[in-house]
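K.L.:
How does the following fold in three dimensions:
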Amino acid sequence: MKDSNIKKNSVRAWLLAARPKTLAGAAVPVMIGLSLAYTDLRSAGTFDWLPALLCVLFAFVMQIDANFINDYFDFVRGNDDETRLGPKRACSQGWISGGAMRVAIAVTTALACLTGLPLIFFGGLEMILIGILCVVFCFLYTTHLSYVGMGDVLVVVFFGFVPVCIPYYIETHTLTVQAAMASLACGLVIDTLLVVNNYRDIENDRRAGKMTICVRMGAAKSRTFYLFLGFIAFLIGGFYIVGGYLLAAIVPLPYLLLHYFTYSNMVKIGSGKALNSVLGETARNMFVYGMLVSLGILLS
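P.N.:
Predicted structure coming up:
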């Protein structure tokens with residue numbers, strides 16, 4: 001049932017379409033990458049705040065761009081119909097017209113490119129390639145790759161390795177094992193959000209021919225996979241000790257407990273729209289993880 005209380009193409013409609021709550025997923029990995037860089041450069045006092053700010057802005061704009069792309073193309077494919085269990089989408093609800101969303105996608109894509117372009121002065125011309133890959137895979141995820149079960153891989157790459165390692169590289173002009181491990185752990189934590197989303201939508205995705213990992217594994221194994229991701233991410237944090245980030249390896253323990261309790265709720269609820277509460281808890285856990293790891297790195 002469509003919500004007619006929201007005026008078409010209004011400010012409120014665009015705010016809902018941008019999905020500001022998802023910005024935590026964009027902020028967490030950049031925050032961890034910059035915390036690593038700040039800590040490693042602290043004694044030299046060479047940390048540069050301008051590229052750090054540009055990295056954060058680029059991540060936010062790209063996240064909004066991805067949300068618009070996902071909203072529009074799922075609407076075009078007919079996936080956001082009355083059987084949808086997740087939060088309401090702007091195009092399918094009629095809050096945003098298809099034409100207006102296409103313009104918004106063009107604008108946010110261009111804005112992301114303009115925001116990221118100055119980073120070549122701090123990280124080199126290779127930043128152009130990174131930016132192109134971010135934009136291209138932003139489109140490929142929604143239009144193709146999520147339908148063949150590649151969504152989880154892309155999350156680890158573009159919400160783990162890229163947003164953690166690239167800010168770190170821009171600041172330090174090098175990469176470390178600790179930065180790579182932090183990237184992998186962060187990517188796995190953020191993937192728990194995708195797993196909950198895909199777990200909730202198993203039946204709808206199967207009907208739409210969207211062969212996510214959850215569709216391939218089934219409900220029971222998907223729940224185990226969710227639990228496994230959080231625990232593995234926590235264990236990977238042990239590698240921080242090698243680089244002297246002892247607190248970064250230990251401090252996230254509350255995240256592990258929250259993750260387990262959320263998993264228990266996931267098992268208890270089983271299926272249906274009620275799983276949106278698990279989605280909210282997972283987003284909270286993800287943000288808690290990012291804050292704790294960043295704090296642990298800065299205090300190490």
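K.L.:
so Arg286, which of the three states?
P.N.:
Small correction: residue 286 is Met, not Arg. Here Met286 is helix, with the state taken from DSSP: H, G, I helix; E, B strand; the rest coil.
K.L.:
got any ranges where the stretch 1-150 of the chain has weak pLDDT?
P.N.:
Where the stretch 1-150 of the chain drops to pLDDT under 70, the residues are 1-4, 79-86.
K.L.:
swap in the stretch 201-300 of the chain?
P.N.:
Along the stretch 201-300 of the chain, segments meeting pLDDT under 70 span 242.
K.L.:
Helices of that one, start to end?
P.N.:
Secondary structure of the stretch 201-300 of the chain, counting by DSSP state H, counting those that start in this stretch: helices at 202-208, 213-217, 219-236, 246-250, 253-269, 276-299.
K.L.:
Any idea how many residues pack against Met181?
P.N.:
20 (other CB atoms under 10 Å). Glycine gets a C-beta too; all of them are placed from N, C-alpha and C.
K.L.:
scratch that, Val153
P.N.:
Neighbourhood size, Val153 [other CB under 10 Å]: 13.
K.L.:
which element is it on?
P.N.:
Under the criterion of DSSP states H and E, Val153 resides in helix 151-156.
K.L.:
That helix packs against which elements?
P.N.:
helix 126-143, helix 177-200 (3 or more CB pairs under 8 Å, 6 or more residues apart in numbering; DSSP states H and E).
K.L.:
Centre of the chain to it, how far?
P.N.:
How far helix 151-156 lies from its chain's middle: 9 Å, per CA atoms, centre = their mean, to the nearest Å.
K.L.:
can you check stretch 197-216 too?
P.N.:
19 Å.
K.L.:
ok, back up a step: same list (the helices of the stretch 201-300 of the chain) but as JSON lines, adding distance to Leu23 and mean neighbour count.
P.N.:
Listed next are the helices of the stretch 201-300 of the chain as JSON lines, based on distance: least, CB to CB, whole Å; neighbours: other CB atoms under 10 Å:
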{"stretch": "helix 202-208", "distance to Leu23": "25", "mean neighbour count": "16"}
{"stretch": "helix 213-217", "distance to Leu23": "24", "mean neighbour count": "20"}
{"stretch": "helix 219-236", "distance to Leu23": "20", "mean neighbour count": "18"}
{"stretch": "helix 246-250", "distance to Leu23": "23", "mean neighbour count": "20"}
{"stretch": "helix 253-269", "distance to Leu23": "19", "mean neighbour count": "17"}
{"stretch": "helix 276-299", "distance to Leu23": "10", "mean neighbour count": "20"}
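K.L.:
In CSV: the ones you listed, plus distance to Val153.
P.N.:
As requested, these are exported to CSV (distance: least, CB to CB, whole Å):
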stretch, distance to Val153
helix 202-208, 17
helix 213-217, 9
helix 219-236, 13
helix 246-250, 25
helix 253-269, 21
helix 276-299, 18
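K.L.:
just to revisit the earlier point, out of the helices and strands packed on helix 151-156, the one nearest Ser97 is which?
P.N.:
Of all the helices and strands packed on helix 151-156, helix 126-143 sits nearest to Ser97, with 18.6 Å by CB to CB.
K.L.:
ok, Ile97 - contacts?
P.N.:
Actually, residue 97 is Ser rather than Ile. 8-9, 91 (CB atoms under 8 Å, 6 or more residues apart in numbering).
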